[in-house]
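1. dropping the sequence and predicted coords here.
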Amino acid sequence: MDLKRIGLYAAILAGVVVPLYALDVGGWTLLTNDEARFPAMARDIVARGHWLAPAIAGTPMLNKPPLHAWLIALASLPGGAVTPRTAALPSILGALGIVLGSAWLGARLFTPPAGLTAGLLAATTVGLFSLAHVPLPDTTLTLAITGAMCAFVLAELEGRRGALVVFYGATGLAFLAKGPVGLIPLAVGLVYELKSHGRSGVRRLLSLPGLLLLGLLTVPWLVLALHTGGHGFVRDVLDQDFRSTYFGSGARQWQRVAHPVKLAVEHLVPWVVLVPLAVWAALREPDRERARRLQLPIIWAATAFLLIAISERQRWRYYLPLVPPAALLVAAWFHGLRVRRATAMVATACLALVVVALAVGGRYEAQKRQRLTAVHDVVQELKSVPAPAFAIDSPDIVFDYYADRPVIPLTEYGSFERAPAPAYLIASETVASRAPASLDRLAIEARVNGKKFVLLKK
């Protein structure tokens, strides 16, 4: 394939994907504590320089490593403040990197046209498009996993053993994005080597410089978090969060097989209907070398799915790492067909319709979020009086982020009553109805994700 043709493919990919993803950057209102957490952590970094242990309302956030917060902070440093646009920028760039990595893998494993198709398919999945617009670490995680698999291809299929250092480095960055789930590339590589070479394959994955780099990227944060959080970090994060969330559920979770499948399927819409055909064709591939290359996305998808599906906590966004291998399989299947001109035109038209649907759907989602969330009046009141703010049964981090001030979460009224007056309390409508008569119910309400909250003051 000549450079001119490759340049054309790159231009097509950029011409379709960049405008689609650049549309409405930062326009999605944050609905949950999870969505607001990393922008709030980044604000602490920018305002106070707490790079190692960024905090929210004075409490260091140790349940997730801080890589995504660092990226938001870096995007925000030129302007000196975290804004909706700078908070969303790392997710957008991460999604574009995932698309580029999928295209590169498709070209290396199969052909440049297959690479173009893989990139377009990844970009037009509902999962990647949606998560690119919210400041969550899942795009950063998936980008690091994709980068690790690019390095693995160079090392395993092209004999560039030095690429294993990059493989371990990218795996370390994946860990810094979201904890133990970032070690998925190691599991994928190990399964692939065992499948391809038996027990001797384990040695092919060894790289002392790579392992050292992995340790340098993971161990210092664990030591720092342990020093900062003490026994609470061991109990709440290492045991309850890391172990139980990612690897702790055991056989009980297999009684709920349908739910993980549902979450994975939703990520891969609309191309999920083609995935079974692609997997079936890959498993029946007669050409030995092509079959060997097709094994990688199959093992990647299967290993990632199993590790996520057995976890205690199931959330839709956790299945984003399935997008690149699914896109690779469908692209390889499509380009393995004897596609006629009319079929290619129909496929192009379908892709164009999906792009338009995503653009329209993204704008609708942005407007829907604005309708579901209205915090302006509460934020203005909190900014007008320098009194401490607390929250019970409400998304404290969302209010913390939009008010640009600490909002301390509480579990019961006693703690709030012991706080010196004046002080604010943000509570759900249900909790506010049971508030003591000593509290003033201000004529100020808010909505977050469609739920009503009330501002109380003493």
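-> Perfect, I can see it now.
2. which residues touch the residue lying closest to residue 133 once chain neighbours are set aside?
-> Distances taken as CB to CB, 6 or more residues apart in numbering place residue 28 nearest to residue 133, at 4.7 Å, with adjacent residues excluded. Glycine gets a C-beta too; all of them are placed from N, C-alpha and C. By CB atoms under 8 Å, 6 or more residues apart in numbering, the contact set of residue 28 is 88, 133-134, 365-366, 369.
3. distance check, residue 39 against residue 142.
-> Residue 39 sits 19 Å away from residue 142, going by CB to CB, to the nearest Å.
4. the two: which is more packed in?
-> The neighbour comparison of residue 39 against residue 142 (other CB atoms under 10 Å) goes to residue 142, with 32 against 26.
5. in which helix or strand does the more buried one reside?
-> In this assignment (DSSP states H and E), residue 142 forms part of helix 138-156.
6. likewise for residue 453?
-> In the assignment (DSSP H and E), residue 453 maps to strand 451-457.
7. what's that strand packed up against?
-> Packing partners of strand 451-457 (3 or more CB pairs under 8 Å, 6 or more residues apart in numbering; DSSP states H and E): helix 376-384, strand 424-428, helix 429-432, strand 440-448.
8. if you set the cut-off to 10 Å instead, what comes out?
-> Helices and strands touching strand 451-457, by 3 or more CB pairs under 10 Å, 6 or more residues apart in numbering; DSSP states H and E, are helix 376-384, strand 389-392, helix 396-403, strand 424-428, helix 429-432, strand 440-448.
9. quick one: strands adjacent to that strand?
-> strand 424-428 (antiparallel), strand 440-448 (antiparallel) (DSSP bridges).
10. centre of the chain to the longest one, how far?
-> By that I understand strand 440-448. Centroid displacement of strand 440-448 relative to its chain, using CA atoms, centre = their mean, to the nearest Å, is 33 Å.
11. now it: buried residues?
-> For strand 440-448, a neighbour-count test (16 or more other CB atoms under 10 Å) marks 441, 444-446, 448 as buried.
12. ok, back up a step: how about the contacts of residue 28 in TSV, adding neighbour count, distance to residue 80 and secondary structure?
-> Formatted as TSV, those follow (neighbours: other CB atoms under 10 Å; distance: CB to CB, whole Å; DSSP: H, G, I helix; E, B strand; the rest coil):
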residue	neighbour count	distance to residue 80	secondary structure
88	23	18	helix
133	23	24	coil
134	24	23	coil
365	18	29	helix
366	16	26	helix
369	19	26	helix
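13. make TSV from these and add pLDDT and distance to residue 125 to it.
-> What follows is the contacts of residue 28, written out as TSV (pLDDT from 0 to 100; distance: CB to CB, whole Å):
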residue	pLDDT	distance to residue 125
88	96	18
133	96	13
134	96	15
365	95	15
366	95	19
369	95	20
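14. including distance to residue 409, could the residues you listed go into CSV?
-> Listed next are the contacts of residue 28 as CSV, based on distance: CB to CB, whole Å:
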residue, distance to residue 409
88, 25
133, 26
134, 21
365, 27
366, 28
369, 23
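15. closest one of those residues to residue 16?
-> Proximity of the contacts of residue 28 to residue 16, judged by CB to CB, is greatest for residue 133, which lies at 17.2 Å.
16. quick revisit: relative to residue 226, which of the contacts of residue 28 is nearest.
-> Nearest to residue 226 among the contacts of residue 28 is residue 134, at 29.8 Å by CB to CB.
17. and the closest one, how far is that from residue 309?
-> 23 Å.
18. same check on residue 444?
-> For residue 444, the distance to residue 309 equals 44 Å [CB to CB].
19. go on, residue 386?
-> Residue 386 is 48 Å from residue 309, where distance means CB to CB.
20. which one's more surrounded, these two?
-> Counting neighbours by other CB under 10 Å for residue 386 and for residue 309 shows that residue 309 has the greater number, 20 against 8.
21. can you tell me how far the closest residue to that one other than its chain neighbours is from residue 310?
-> Distance criterion CB to CB, 6+ apart; nearest residue to residue 309, sequence neighbours excluded, is residue 260 at 3.7 Å. From residue 260 over to residue 310 the distance is 8 Å, taken as CB to CB.
22. give me the more crowded residue out of those two.
-> It is residue 260, of residue 260 and residue 310, that has more neighbours when counted by other CB under 10 Å, with 20 against 17.
23. so that one touches residue 313, yeah?
-> No. Counting by CB atoms under 10 Å, residue 260 does not reach residue 313; the two are 11.4 Å apart.
24. identify the residues contacting the residue positioned nearest the centre of the chain.
-> Centroid check for the chain by CA atoms, centre = their mean gives residue 138 as the closest residue, at 0.9 Å. Applying CB atoms under 10 Å, 6 or more residues apart in numbering, we find residue 138 in contact with 68, 91, 94-95, 127-128, 131-132, 177-178, 181, 315-321.
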